[in-house]
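In: Here you go, sequence then predicted model.
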Amino acid sequence: MGFNDRGNNFRGNNNNNNNRRNFRGNDNRGPREMHNVICSDCGVETQVPFKPTEGRPVYCRDCLPSHRKF
């Protein structure tokens, strides 16, 4: 049993599933805008859900794990 499963009302949380969905990003805003980019490692064309900043590398799904710092 986790903290949120206890039925407590911490900071007004009434365990309403709509609040939980909004917190995690599933809030029915529609599809995300995807941007076409070229992976900085392997050169494959891919899409990312953010507007890339010029001068910063962008990686595909396959290359990204090797660049994570944790």
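Out: Thanks, I have the structure now.
In: can you give me the strands in this protein?
Out: 35-38, 45-48 (DSSP state E).
In: partners of the first one in the sheet?
Out: Read that as strand 35-38. Sheet pairing for strand 35-38, assigned by DSSP bridges, gives strand 45-48 (antiparallel).
In: Now do the partner strand, average pLDDT.
Out: Confidence for strand 45-48, expressed as mean pLDDT, is 96.
In: Low-confidence stretches in the protein?
Out: 1-28 (pLDDT under 70).
In: Share the number of residues neighbouring the spatially closest residue to residue 66 that is not a sequence neighbour, please.
Out: In space, residue 66 comes closest to residue 41 once its chain neighbours are excluded; the distance is 7.8 Å by C-beta to C-beta, 6 or more residues apart in numbering. C-beta coordinates here come from the backbone N, C-alpha and C atoms, glycine included. Using other C-beta atoms under 10 Å, residue 41 has 15 other residues around it.
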